[in-house]
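Undergrad: A predicted structure for the sequence below; I have some questions about it.
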Amino acid sequence: MKIKISLLVAIVTLSAFTLKLPTTSFYDLKAKTIDGKEFSFADLKGKKVMIVNTASKCGYTPQYEDLEKLFKAYKDKKFVIIGFPANNFGKQEPGTNTEIKEFCAKNYGVTFQMMEKIDVKGDDMNAVYKWLTSKELNGKMDSSVKWNFQKYLIDEKGNLVDVAYSNDKPMDDKIVNWINGK
């Protein structure tokens, strides 16, 4: 009997390694808001989430306007946007968290959740972006952040679904159809 149980444990353990299940749940992640408060991604259970790295001095910065429109149009349908300012591309986000928050509010009326400024690539890559870009962690795909305003789509169960690149506008059919379940 002990041998059968040991064999069963070994098979289950081996199966977990063979399937390469994600080692981290999206809902285990935490980050700091632009105001310095801890934010638990567990609070996003049951919601579709778009995570986007932002910058205030980028050619794509006007996407803030469409991101806000998208958020306002679908926030009542359990959809959220989380913006992560990052200075990794062309030093296009040089401001402090306070300056970024003021810029977003004044110029684009941003009401979706903005987080503190982070790194989205390199040695200091934030844990959220490690999860988004590593198949080993997210169970879906490897990717790299190519530029500002790259968008990651996460379903209501915390699964990474797709990546929309900087050229993909927030109101593109690909994104709107995903939110609407089409």
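TA: Great, that's in hand.
Undergrad: Report the contact partners of the spatially most central residue of the chain.
TA: In the chain, the C-alpha nearest the mean C-alpha coordinate belongs to residue 51, at 3.1 Å (C-alpha atoms, centre = their mean). For residue 51, the contact set (C-beta atoms under 8 Å, 6 or more residues apart in numbering) comprises 81-82, 84, 128, 132, 151-152, 154. No exception for glycine: its C-beta is placed from N, CA and C like everyone else's.
Undergrad: cool, residue 128 as well?
TA: Contacts of residue 128 by C-beta under 8 Å, 6+ apart are 29, 31, 41, 51, 84, 118.
Undergrad: Likewise for residue 64?
TA: 54, 104, 107-108, 110.
Undergrad: rewinding a little: just give the strands next to the helix or strand hosting the residue nearest to the centre of the chain in its sheet, each with its orientation.
TA: Applying DSSP states H and E as the criterion places residue 51 in strand 48-54. Strand 48-54 pairs in its sheet with strand 79-85 (parallel), strand 151-154 (antiparallel), by DSSP bridges.
Undergrad: can you list contacts of the longest one?
TA: Strand 79-85 is contacted by residues 31, 34, 44, 47-56, 67, 70-71, 93, 95, 97, 100, 104, 110, 112-118, 120, 126, 128-129, 179 when judged by C-beta under 8 Å, 6+ apart.
Undergrad: which residue ranges form the helices in the chain?
TA: 2-19, 63-74, 97-108, 127-133, 135-138, 173-179 (DSSP state H).
Undergrad: Buried residues in the last one, which are they?
TA: By neighbour count on 16 or more other C-beta atoms under 10 Å, the buried set for helix 173-179 is 175, 178-179.
Undergrad: Please apply the same query to the second one.
TA: Along helix 63-74, the positions that meet the burial threshold by neighbour count (16+ other C-beta under 10 Å) are 63-64, 67-68, 70-71, 74.
Undergrad: which of these lies closest to residue 165?
TA: residue 63 (11.6 Å; C-beta to C-beta).
Undergrad: ok, that closest one - contacts?
TA: By C-beta under 8 Å, 6+ apart, the contact list for residue 63 reads 52, 149, 169-170.
Undergrad: how about low-confidence regions in this structure?
TA: For the chain, applying pLDDT under 70 flags the ranges 1-23.
Undergrad: how about 90 then?
TA: Residues of the chain meeting the criterion pLDDT under 90: 1-24, 182.
Undergrad: looking at the strands paired with strand 48-54, which is closest to residue 25?
TA: Of all the strands paired with strand 48-54, it is strand 151-154 that lies closest to residue 25, at 11.1 Å by C-beta to C-beta.
Undergrad: next one: that closest one to chain centre, how far?
TA: 5 Å (C-alpha atoms, centre = their mean, to the nearest Å).
Undergrad: contact partners of that strand?
TA: Here strand 151-154 has contacts from 26, 44, 48-52, 132, 160-165, 168, 170, 175, 178, using C-beta under 8 Å, 6+ apart.
Undergrad: No more questions from me, cheers.
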